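Asker: 3D model of this:
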Amino acid sequence: QVQLIESGGGLAQAGASLRLSCAASERTFRNYAISWFRQAPGKEREFVTVINWSGNTTIYADPVKGRFTVSRDNAKNTVYLQMNSLKLEDTAVYYCAALGRYYANSHFATENYDYWGQGIQVNVSS
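Answerer: The predicted structure is shown next:
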């Protein structure tokens, strides 16, 4: 059982930056690809980014490309999401999730994930 705990959310102005962290309870965390999803009010949960177990492969959704950067430190059992140039439409609850079987486009489907964090709110204001 891997517990994921997000931190670093809060309120930021448009154009500012925030960094989210996803800390895992187990060292087996390093065996998982880790993704970030987000869910805005009244919308479905959407894929944001994924990083593979070693950190040498990352994929981003189009709305965040060039603004968000995902990284991981397996020694600290932590994945980071650096969010720059925030926009109003980035307002959402952000979730990190662990994917044990990472292949092809498996990272897009929420049902493929083994563990989820509880989510953390990010609010971007004008």
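
Asker: Please tell me I have it right and G15 contacts L86.
Answerer: Yes. Using CB atoms under 8 Å, G15 is in contact with L86, at 6.6 Å. C-beta here means a position set from N, CA and C on the backbone, and glycine is covered the same way.

Asker: Neighbour count: those two, which is higher?
Answerer: L86 (21 against 11; other CB atoms under 10 Å).

Asker: Contact partners for the most centrally placed residue in the chain?
Answerer: In the chain, the residue lying closest to the centroid (CA atoms, centre = their mean) is W36, at 2.1 Å. W36 makes contact with 20, 22, 48-50, 70, 79, 81, 94-97, according to CB atoms under 8 Å, 6 or more residues apart in numbering.

Asker: Pick the one among these closest to I5.
Answerer: Nearest to I5 among the contacts of W36 is C22, at 7.2 Å by CB to CB.

Asker: That closest one and N112: what is the separation?
Answerer: 17 Å (CB to CB, to the nearest Å).

Asker: Which residue of these two possesses the greater neighbour count?
Answerer: Using other CB under 10 Å as the criterion, C22 and N112 rank with C22 on top: 27 against 17.

Asker: List the contacts of the more buried one.
Answerer: 4-6, 34, 36, 78-81, 96, 117.

Asker: just for the chain, where's the confidence low?
Answerer: By pLDDT under 70, the chain has no low-scoring segment.

Asker: can we see that at 90?
Answerer: Applying pLDDT under 90 to the chain flags the ranges 1-2, 26-30, 101-106, 108.

Asker: where exactly do the helices run in it?
Answerer: Along the chain, counting by DSSP state H, no stretch forms helices.

Asker: OK, contacts around the residue of it most remote from its centre?
Answerer: Distance to the chain centre peaks in the chain at S126, reaching 23.2 Å (criterion: CA atoms, centre = their mean). By CB under 8 Å, 6+ apart, the contact list for S126 reads 13-14, 88.

Asker: Looking at neighbours, which among these is most surrounded?
Answerer: Busiest of the contacts of S126 [other CB under 10 Å] is A14, holding 14 neighbours.

Asker: if I read this right, that residue contacts K87, doesn't it?
Answerer: Yes. Here A14 reaches K87: they are 6.0 Å apart, a contact under CB under 8 Å.
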